[in-house]
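Asker: Just to be clear, the model below is a prediction. Sequence and coordinates:
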Amino acid sequence: MNFENIKLVTFDLGYTLVYNERVEDYLAYLRHKGLDRSKDEVDLAFHLADKMFMRDYPGVFGHAPETYMPWYIGTVNYRLRFRFNLFEQVQFFIEQAQNKPFWKLFPHTKKVLETLKREGYELGLLSNWDKSCRKLLASLGIDDYFDYIYVSSEVGSGKPDAKMFELLLKESGYLPEEVLYVGDNYYDDVIGAGKAGIQTIVLNRFGHKGVEELTDCIIVPSTMEVVSLLQGEQSLEEYIVK
């Protein structure tokens, strides 16, 4: 892999540039029940549930939450050794989400985008998301950073289908080897981008936990490392899983 020719850096959205307060909401539910777990334990349980669903049930996160939420939260409960009434618990989560903005930027997201822009890279966003995506980007103040935006609900096809990546190459005029894609879902992001010949980086905040099956890919803990790799401050060898 070689990033020397990269001119366009593209990103996934959910848990790549933004996150939600599901961990805090889960902890609030535990307090409501008079129970306790550490924030780190809950965060890891959600992370492992994410990776299991991405691997074993590809595409499920692209559907309406009511089609998978009880199942998903039940998996988190199982990892934390809890048994709850899932209907009640999911309703608690829904009520929590109604009282505040659901998605937030990772603290480093704007710095990453600003740095890459300053370094002369063009930026893109390709996401499996509903039609609220552009409104969300605007509300978070990051829509103007992107030269290219492709959303599955607008394109009519989502990752791992290659359509969004092919549109990006066609409309930007870049060669596949001049584009880098960064995302947290190997089975959507790496496979989808790979079909178009685009190099990829996988985000995994917990080292290799939850993605132990992956080989021959680059895994980094955050988008900050993406900047370091592009600037040549860190070696690719440090992050390549073999």
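Answerer: Perfect, thanks for sending it.
Asker: which residues of the chain fall in strands?
Answerer: 8-11, 18-20, 103-105, 122-127, 148-151, 179-183, 199-203, 217-220, 240-241 (DSSP state E).
Asker: now for the second one, which elements pack on it?
Answerer: Taking 3 or more CB pairs under 8 Å, 6 or more residues apart in numbering; DSSP states H and E as the contact definition, the neighbouring helices and strands of strand 18-20 are strand 103-105. All C-beta spots, glycine's among them, are computed from the backbone N, C-alpha and C.
Asker: go on, the third one?
Answerer: In this structure, strand 103-105 makes packing contacts with strand 18-20, helix 133-140, judged by 3+ CB pairs under 8 Å, 6+ apart.
Asker: ok, and what's touching the last one?
Answerer: Applying CB atoms under 8 Å, 6 or more residues apart in numbering, the contact partners of helix 133-140 are 13, 18, 101, 103-105, 125, 127, 129, 143, 146, 149, 151, 153-154.
Asker: try 10 Å
Answerer: For helix 133-140, contacts defined as CB atoms under 10 Å, 6 or more residues apart in numbering pick out 13-14, 17-18, 101-105, 109-110, 125, 127, 129-130, 132, 142-146, 149-154.
Asker: Return the members of these classed as buried.
Answerer: Listed as buried from the contacts of helix 133-140 are 13-14, 17-18, 103, 109, 125, 127, 129, 142, 145-146, 149-152; burial here means 16 or more other CB atoms under 10 Å.
Asker: quick one: which of these is nearest to residue 54?
Answerer: Among those, residue 14 lies closest to residue 54 (CB to CB), at 11.2 Å.
Asker: what's the span of stretch 228-235, first residue to last?
Answerer: One end of stretch 228-235 to the other measures 9 Å (CA to CA, to the nearest Å).
Asker: Report the distance from it to the chain centre.
Answerer: 21 Å (CA atoms, centre = their mean, to the nearest Å).
Asker: do stretch 73-89 as well
Answerer: Chain-centre distance of stretch 73-89: 23 Å, with CA atoms, centre = their mean.
Asker: Name the residues of that stretch that are buried.
Answerer: In stretch 73-89, counting by 16+ other CB under 10 Å, buried: 73, 74, 75, 76, 77, 79, 80, 82, 84, 89.
Asker: Which ones among these map onto helices?
Answerer: 73, 74, 75, 76, 77, 79, 89 (DSSP state H).
Asker: Of all pairs in these, which one is the farthest apart?
Answerer: 79 and 89 (14.4 Å).
Asker: sorry, back to before: between the strands of the chain, which one is nearest to residue 62?
Answerer: strand 122-127 (10.0 Å).
Asker: which residues does residue 217 bridge with?
Answerer: Listed beta-bridge partners, residue 217: residue 241 (assigned using DSSP bridges).
Asker: burial of it, as a residue count?
Answerer: Residue 217 is flanked by 18 other residues according to other CB atoms under 10 Å.
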